[in-house]
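Novice: Generate a structure from the sequence data that follows.
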Amino acid sequence: ITTIMVDSTPPTGTINLPASGMGHGAVMLSGTSSDAWSGVKKVDVTFVGPTSGNACLAPPNPTAWNCIWDTTGLPDGTYNVLVNITDMAGNIGTVPSYGMIFVDNTAPVASFNSFIEVTGANYTHPVGNTMYYNPAGSASFRVLVNMADAGSGPDRVDFQPVGTGWTPLGVDSDRTAPSP
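Specialist: Now for the predicted structure:
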């Protein structure tokens, strides 16, 4: 006795994208797939955008899969991620992502703007991009930086430590938006 099972129903699945909708470098993708008749054979994850290609092919566990999509060589832009699920009978189901991923691999550009003396101006003297400071007194000043990023936009400027006795003493970040 031979049993023949006809499976003409494509498999189904889901995809989980980064909640931020942003990605750069290594981007974690995950999802699920299922097939009620013959079972899932494999999952292939592809992308379409400024360029197209494979994010990952045949991850080890096709029913609860995850993979790292290496975006480092991709041009910046918006990408749609697709999951192609193949069942044991050869049917293919495609699961489009429910959102786009904006890939931004281009670093922002920062440049010195100016100094603003806040207190103790008699102990500081700005000349171009150099601030001269007399440690015999107490003074404070601000450093203004121009920052641009054509991709996702600037997030913050990190200032490295300048030495003992300075505030901030360690690495400091500024997420303050510019003001007129």
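Novice: pretty sure residue 147 contacts residue 110?
Specialist: Yes. Between residue 147 and residue 110 a contact is recorded at 4.7 Å, counting by C-beta atoms under 8 Å. Just so you know, the C-beta spots here come from the backbone N, C-alpha and C atoms, and that holds for glycine as well.
Novice: overlap in contacts of those two?
Specialist: Shared contacts of residue 147 and residue 110, defined by C-beta atoms under 8 Å, 6 or more residues apart in numbering, are found at residue 157.
Novice: Centroid-nearest residue for this structure?
Specialist: residue 23 (2.5 Å; C-alpha atoms, centre = their mean).
Novice: Identify the residue nearest it in space, chain neighbours excluded?
Specialist: residue 101 (4.8 Å; C-beta to C-beta, 6 or more residues apart in numbering).
Novice: about what we covered before: in contact with the residue nearest to the centre of the chain, which residues?
Specialist: 69, 71, 101-104.
Novice: and residue 27, what are its bridge partners?
Specialist: On the basis of DSSP bridges, residue 27 is bridged to residue 69.
Novice: which residues touch it?
Specialist: 18, 68-71, 101, 103.
Novice: What are the contacting residues of stretch 114-125?
Specialist: 126, 131-134, 136-144.
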